[in-house]
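Asker: From the sequence below, what's the structure:
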Amino acid sequence: MLVKPTPNEIAILAHEIGRVFGTMEDWLVREIVERLIEGAPDLPAEVSEWRIEKLLASAQFSREAKAKMREILERIPPQVEKQLYSVIKATVETGDRAVLEAAFEQGMIASIPSPGSAVRTSFWIEKLQEQALHALNLVNTSMLTSAQQGYIDTLNRAAGLVAEGESPRAAVRYATKQLAKDGLTGFVDRAGRRWEPQSAVEMIIRTTWNNAANQAAFTQLEAMGCDVILVSAHMGARPKCSLVQGKLFSLSGSTEGVRDKHGAYHAVGDWTRTSYGEPDGILGINCRHHIGAFFDGLSVNETEEIDEEENRERYKREQEQRKLERDLRKIKRERDVANASGDREEYLKQFRKARAKSQQLRDHIEEHGLRRSKVRERYITLR
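Answerer: So this is what the prediction gives:
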């Protein structure tokens, strides 16, 4: 079995890059808050002059934001390249060497490929890197545009609240509170769902790294001339993935059955008829499965048998865990923005909410026997 890095290992890699965008988003939000809070008027009559002054200052904010983003995000391309190669190397350098040698001796495979050559010579590695950097650049552009719009919207919201009778400083604090709650936009998907920058980046990285590992596996299989593959299995698989996990498939669709090393017969499905290639299908976006070669008379299927009902329940609880993690990071940001705006009451409120949400998350993990992912809970500010 060619084994790609575990979901937790890929999550850690994705978080390393995602948190850079997350801290950049938080810096932008706090900058907007601090710039609008500074010099906030005490009297309603002064609001128009304050609004004009801040509108004129928006251009300077945009320039400084672009410069800061270039400074922080210039470290991303080398990091992407380094991670991409490490994921591929970890994938192609795994497998049962003894089984491969036996298969080669019996003429089942054309060759035993060198793992290093797959990493060095495959053009698709550069293509995946190019795609990842392009997607990250789109998130970068969207985040900056969202920050510029957030500056103007927050300013106008505060001015509107004053016109409705709110005191100027209270209006500014309320308007910035809304900005902290909404955050910035990383991108909007085809379904119209708005993604925050860190979540968007982590999804892009996880998907790219999965694609890299999967492509590395297919490249190895093609080089060997292997037709039958075994799909891994795990609890909490997505609906479409659960239909094929732990089963054998023929890449060409021509092999109908094989025997394992103990002589037991196993039916082989047609890989072209699976959900492979679909975003939510096997080896699709965020999929945690991997594939490996299966040799007639030599290999054995040791994947765990998964109860379908238990699998659906586990998947549901893991999705609930992801939401609790996102909510926790969001509350921590609102807490810090309240602190930056000098709103002591709101800061203490969000501080208590963060502690309560953290406890709720820990209780959920313990109750359902889930794996805690501390990297998903972290909130790191840009100093």
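
Asker: What is the burial count for residue 77?
Answerer: Around residue 77 there are 14 other residues, counting by other Cβ atoms under 10 Å. For glycine as for every other residue, the C-beta is placed from the backbone atoms N, C-alpha and C.

Asker: Report the contact partners of it.
Answerer: Contacts for residue 77 (Cβ atoms under 8 Å, 6 or more residues apart in numbering) come out as residue 133.

Asker: so it is in which element?
Answerer: Using DSSP states H and E, residue 77 sits in helix 76-92.

Asker: right, and the helix or strand after that helix?
Answerer: Next in sequence after helix 76-92, counting helices and strands by DSSP H and E, comes helix 97-105.

Asker: How far does that following helix sit from its chain's centre?
Answerer: The chain centre lies 37 Å from the centre of helix 97-105; the measure is Cα atoms, centre = their mean, to the nearest Å.

Asker: tell me the mean pLDDT for it?
Answerer: Mean pLDDT, helix 97-105: 72.

Asker: same check, this time on stretch 66-80
Answerer: Per-region confidence: stretch 66-80 scores 85 on mean pLDDT.

Asker: Same check on stretch 53-62?
Answerer: Here the average pLDDT along stretch 53-62 is 93.

Asker: buried ones in it?
Answerer: Using 16 or more other Cβ atoms under 10 Å as the test for burial, stretch 53-62 gives 54, 57, 61.

Asker: what does stretch 350-366 give?
Answerer: Within stretch 350-366, the residues that count as buried by 16+ other Cβ under 10 Å are 350, 351, 353, 354, 357, 358, 361, 364, 365.

Asker: before we move on, back to that, ok, so of the buried residues of stretch 53-62, who is nearest residue 25?
Answerer: Proximity of the buried residues of stretch 53-62 to residue 25 (Cβ to Cβ) peaks at residue 61, which lies at 14.8 Å.

Asker: out of the buried residues of stretch 350-366, which are inside helices?
Answerer: In helices, defined here by DSSP state H, the members of the buried residues of stretch 350-366 are 350, 351, 353, 354, 357, 358, 361, 364, 365.

Asker: angle of the top helix by length along the chain against helix 76-92?
Answerer: In the chain, taking DSSP H as the definition, the longest helix is helix 123-163. Taking axes from the mean of the first three to the mean of the last three Cα atoms, to 10 degrees, one finds that helix 123-163 is oriented at 130 degrees with respect to helix 76-92.

Asker: can I get the buried residues of stretch 350-366 in JSON lines with distance to residue 222?
Answerer: Below are the buried residues of stretch 350-366 laid out as JSON lines (distance: Cβ to Cβ, whole Å):
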{"residue": "350", "distance to residue 222": "53"}
{"residue": "351", "distance to residue 222": "55"}
{"residue": "353", "distance to residue 222": "52"}
{"residue": "354", "distance to residue 222": "50"}
{"residue": "357", "distance to residue 222": "47"}
{"residue": "358", "distance to residue 222": "47"}
{"residue": "361", "distance to residue 222": "43"}
{"residue": "364", "distance to residue 222": "43"}
{"residue": "365", "distance to residue 222": "41"}
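
Asker: I'd like these laid out as CSV, including distance to residue 144 and pLDDT.
Answerer: Formatted as CSV, the buried residues of stretch 350-366 follow (distance: Cβ to Cβ, whole Å; pLDDT from 0 to 100):
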residue, distance to residue 144, pLDDT
350, 26, 93
351, 30, 95
353, 29, 96
354, 28, 95
357, 29, 96
358, 31, 95
361, 31, 96
364, 35, 96
365, 35, 96
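
Asker: which of these lies closest to residue 20?
Answerer: Distance to residue 20 across the buried residues of stretch 350-366 (Cβ to Cβ) is lowest for residue 354, with 21.9 Å.

Asker: quick revisit: now the longest helix of the chain: how far from the chain's centre is it?
Answerer: 17 Å.

Asker: Report the rounded mean pLDDT for it.
Answerer: For helix 123-163, mean pLDDT is 88.

Asker: Which residues does the helix or strand following it contact?
Answerer: Counting by DSSP H and E, the next helix or strand C-terminal to helix 123-163 is helix 168-182. Contact with helix 168-182 is made by 29, 32-33, 36-37, 40-44, 46-47, 50, 150, 153-155, 157-159, 161-162, 166, 330, 333-334, 337-338, 341-343, 346, as judged by Cβ under 8 Å, 6+ apart.

Asker: Show me how to select, in PyMOL, the buried members of those.
Answerer: In PyMOL syntax, the buried subset of the contacts of helix 168-182 is picked out as below (16+ other Cβ under 10 Å):
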select buried, resi 29+32+33+36+37+40+41+47+50+150+153+154+155+157+158+159+161+162+166+330+333+334+337+338+341+343+346
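
Asker: who touches the closest residue to residue 81 other than its chain neighbours in this structure?
Answerer: Distances taken as Cβ to Cβ, 6 or more residues apart in numbering put residue 129 closest to residue 81, at 5.9 Å, once the chain neighbours are dropped. Residues near residue 129 by Cβ under 8 Å, 6+ apart: 80, 81, 84.

Asker: who wins for most neighbours among the residues you listed?
Answerer: Highest neighbour count within the contacts of residue 129: residue 84, with 23 neighbours (other Cβ under 10 Å).

Asker: so how far is residue 201 from the nearest residue to residue 171 once chain neighbours are set aside?
Answerer: Excluding its sequence neighbours, the residue lying closest to residue 171 (Cβ to Cβ, 6+ apart) is residue 161, at 3.7 Å. Look at residue 161 and residue 201: by Cβ to Cβ, to the nearest Å, they are 33 Å apart.
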